[in-house]
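Engineer: Sequence isn't available, so here's the structure alone:
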């Protein structure tokens, strides 16, 4: 099996290099790759690359994920999140390859309190969500065999993430204010990568389609922050903030260019049934990630 991975240096792409390597020959590219094109603004270059590699599976971990910045550069966000995945889909169809693509809960408006299912009506409220939805639509319209995984609140041990920010602030400040009206589940890039590898091995034409892929359980950003800080305190990390000084505030306390969905719950029953999976609680992955981070603390 030959696998072509785009976005190799992002949080998910980094983990995918690990999880996909045992499946066969892996060609991994990023936007600055030279011999082959991984630039999602160069559609012709992407087509030439896919035809040169002739992969059995194309995995797209590249995206314009700067949600607020996307509001000011909608054409670039659309190129990277929608039009480029459309090119990948057309080439996958032409070469009879599978396309694996990642989308987001931002395709929904965040209303209500039930977990979103794959068939629920979409209504994005930001440029990011709108462009990611168009990417999904172009993939489906191409007729290629595909797996689209919608996810949310992705973190990785590599690079910056919410947990690292909370740990730093807890060591610097006497009190913290964290949003408590956005509900979802932190989902590890390693979990996404491992499920992707499993799904590729199990892929059959009848399984082609859209799936929700997130860790089990739910929390708010305030609950997430409290969990992280509690883990650090129990690990003996010196913290300045007191346990009762983590204030819960509404999203309106932090106005941002792009609105965030309040309800980011995603129902994963379809994925678990189709691929025979049991998804772990979000706390398991976060605790494991924190162990790695805290072991490196001075």
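Structural biologist: Nice, I can see it. Since we're looking at a predicted model, the values are computed, not measured.
Engineer: in the sheet, who's paired with residue 219?
Structural biologist: residue 184 (DSSP bridges).
Engineer: Need the phi and psi values for residue 25.
Structural biologist: Backbone geometry at residue 25, expressed as degrees, to the nearest 10, gives phi -80, psi 120.
Engineer: thinking it is in contact with residue 4, fair?
Structural biologist: No. Using Cβ atoms under 8 Å, residue 25 is not in contact with residue 4, being 9.5 Å away. In this view, the C-beta of every residue, glycine as well, is placed from N, C-alpha and C.
Engineer: In terms of neighbours, single out the busier of these two.
Structural biologist: Set residue 25 next to residue 4 and count neighbours by other Cβ atoms under 10 Å: residue 4 wins out with 27 against 13.
Engineer: nearest residue to residue 284 other than its sequence neighbours?
Structural biologist: Setting aside the residues directly before and after it, residue 284 is nearest to residue 215 in space (Cβ to Cβ, 6 or more residues apart in numbering), at 7.7 Å.
Engineer: Give the buried residues for stretch 204-211.
Structural biologist: By neighbour count with 16 or more other Cβ atoms under 10 Å, stretch 204-211 contains the buried residues 208, 210-211.
Engineer: The nearest residue to residue 265 once chain neighbours are set aside: neighbour count?
Structural biologist: Counting by Cβ to Cβ, 6+ apart, residue 115 is the residue found nearest to residue 265 once chain neighbours are left out, at 4.0 Å. A count of nearby residues for residue 115, using other Cβ under 10 Å, gives 18.
Engineer: residues in contact with residue 115?
Structural biologist: 265-267 (Cβ atoms under 8 Å, 6 or more residues apart in numbering).
Engineer: where does the protein dip in pLDDT?
Structural biologist: 297-298 (pLDDT under 70).
Engineer: which helix of it spans the most residues?
Structural biologist: Using DSSP state H, we find that the single longest helix of the chain is helix 127-142.
Engineer: Downstream of that helix, the next helix or strand is which one?
Structural biologist: Next in sequence after helix 127-142, counting helices and strands by DSSP states H and E, comes strand 145-151.
Engineer: what does that following strand contact?
Structural biologist: For strand 145-151, using Cβ under 8 Å, 6+ apart, the contacting residues are 89, 92, 96-105, 107, 118, 136, 139-140, 187, 192, 195-196, 199-200, 203, 205, 207-214, 266, 271.
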